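Undergrad: Fold the following and give me the result.
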Amino acid sequence: MMQLSRTRTIVYLTFLVTMWGVNWPLSKYALEFAPPLLFAGLRIFISGLILLPFALPRYKKLNLKHTWHVYLISALLNIILFFVFQTFGLKAMPAGLFSTIVFLQPVLLGVGAWLWLGESMTRLKMVGLILGFLGVAVVSVSGGSGSISTVGILLGLASTITWTFGTIYIKKTATKVDAIWLVTVQMIFGGIVLLAAGSTIESWMDIVWNLSFLSSLSIISIFCTALTWLVFFLLVGSGEAGKVGSFNFLVPLIAIVTSVLFLGETITSKLVVGLVLIIAGIALVNLKLKFLQRGTNDTW
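TA: Residues are numbered from 1 along each chain as shown. Next comes the predicted model:
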């Protein structure tokens with residue numbers, strides 16, 4: 001197993017979390033120039049093509065004949081459904097808030113791993129789950145900001161649920177497929193499906209091929225998708241992947257700050273309460289507190 005220096009690990013983690021955070025407001029901005037399905041298809045397909053040169057040297061590990069169903073199901077959950085819900089959801093509500101709802105995924109994943117993968121459920125994780133859903137309930141209450149839509153919240157929850165089941169499926173089938181090939185194939189296949197669907201119900205003529213869209217699409221495809229996956233696998237190979245989870249709660253914070261600064265999104269007092277509850281829930285699920293590491297946590 002390749003070991004990374006402390007400095008390099010911090011740099012990689014900072015890049016990963018920052019790009020995940022910037023992705024949300026940048027994607028919302030790009031949607032001003034392109035229809036949702038075509039934009040989702042373009043970003044995913046381009047990312048898959050970028051990853052392909054890194055996957056090709058591992059061609060012996062593809063084994064598509066015996067594992068095609070794993071690639072298909074993973075693409076359906078982690079790419080096609082997830083990005084359809086995500087992209088339409090971003091059209092319906094502020095990027096910062098939407099990213100916070102989607103990043104309830106680590107909370108739901110803790111429950112899913114407990115139910116289907118036999119992992120332990122700590123009291124802290126359960127408290128995090130409750131806080132997270134209380135936060136969603138608070139921001140869903142009528143009478144708040146006009147930017148909040150019930151459809152947007154439902155799409156955010158659908159993205160979270162899809163991502164959760166997709167991650168659980170990947171964990172259950174991890175020994176059957178190569179990780180880099182899995183991401184590459186599902187992105188190329190998922191991107192083709194999304195582009196085909198977009199070409200059917202949307203028009204390529206509606207895409208504004210200006211510098212703003214092209215630069216946004218390039219940054220999202222290269223830095224926020226393809227390179228983040230490569231960095232993630234590098235951290236996995238060095239045994240540092242576990243640290244990614246502890247920084248996940250920073251992603252919606254980065255998305256919110258970026259959205260307020262560059263998209264002019266506003267945050268009401270009611271939304272602040274909801275966001276704090278959601279982020280607190282995510283943090284409780286992810287943070288490895290010292291007293292838990294000493295084995296004092298209760299599990300069910």
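Undergrad: The residue lying closest to residue 223 once chain neighbours are set aside and residue 197: what is the separation?
TA: Nearest non-adjacent residue to residue 223, counting by C-beta to C-beta, 6 or more residues apart in numbering: residue 19, 5.4 Å away. C-beta here means a position set from N, CA and C on the backbone, and glycine is covered the same way. Distance of residue 19 to residue 197, computed by C-beta to C-beta, to the nearest Å: 26 Å.
Undergrad: and if you look at residue 169?
TA: 22 Å.
Undergrad: And for residue 100?
TA: Taken as C-beta to C-beta, the span from residue 100 to residue 197 is 27 Å.
Undergrad: Who has more neighbours out of those two?
TA: Neighbour totals were compared for residue 100 and residue 197, and residue 100 leads with 30 against 16 (other C-beta atoms under 10 Å).
Undergrad: who touches the residue lying closest to the more buried one once chain neighbours are set aside in this structure?
TA: Nearest-residue entry for residue 100: residue 252, 3.8 Å, with adjacent residues in sequence omitted and distances by C-beta to C-beta, 6+ apart. Applying C-beta atoms under 8 Å, 6 or more residues apart in numbering, we find residue 252 in contact with 21, 96, 99, 100, 103, 275, 278, 279, 282.
Undergrad: Now tabulate those in TSV and tack on secondary structure, pLDDT and distance to residue 248.
TA: As requested, the contacts of residue 252 are exported to TSV (DSSP: H, G, I helix; E, B strand; the rest coil; pLDDT from 0 to 100; distance: C-beta to C-beta, whole Å):
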residue	secondary structure	pLDDT	distance to residue 248
21	helix	90	10
96	helix	78	15
99	helix	83	11
100	helix	78	11
103	coil	77	6
275	helix	77	15
278	helix	78	12
279	helix	79	10
282	helix	72	6
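Undergrad: Let me know the closest of those residues to residue 34.
TA: residue 99 (19.4 Å; C-beta to C-beta).
Undergrad: So the closest one is in contact with residue 257, correct?
TA: No - applying C-beta atoms under 8 Å as the test, residue 99 and residue 257 come out as separate, 11.2 Å apart.
Undergrad: Those two - which one has more neighbours?
TA: Neighbour count, other C-beta under 10 Å: between residue 99 and residue 257, residue 99 has more, with 29 against 13.
Undergrad: ok, that one to residue 110 distance?
TA: Noted for residue 99: a distance of 19 Å to residue 110, by C-beta to C-beta.
Undergrad: again, but for residue 255
TA: Per C-beta to C-beta, residue 255 is found 21 Å from residue 110.
Undergrad: How much space separates residue 264 from residue 258?
TA: Distance, residue 264 to residue 258, by C-beta to C-beta: 11 Å.
Undergrad: Comparing the two, which residue is more hemmed in?
TA: Taking other C-beta under 10 Å, residue 264 and residue 258 do not tie; residue 258 has more neighbours (22 against 7).
Undergrad: which residues sit in contact with the closest residue to the more buried one other than its chain neighbours?
TA: Distances taken as C-beta to C-beta, 6+ apart put residue 25 closest to residue 258, at 4.6 Å, once the chain neighbours are dropped. Taking C-beta under 8 Å, 6+ apart, we find residue 25 in contact with 95, 96, 255, 258, 259, 262, 263, 265.
Undergrad: okay, now the first one: neighbour count?
TA: This means residue 95. Neighbours around residue 95, by other C-beta under 10 Å: 26.
Undergrad: Hmm, it is touching residue 264, no?
TA: No - using C-beta under 8 Å, residue 95 is not in contact with residue 264; the gap is 11.3 Å.
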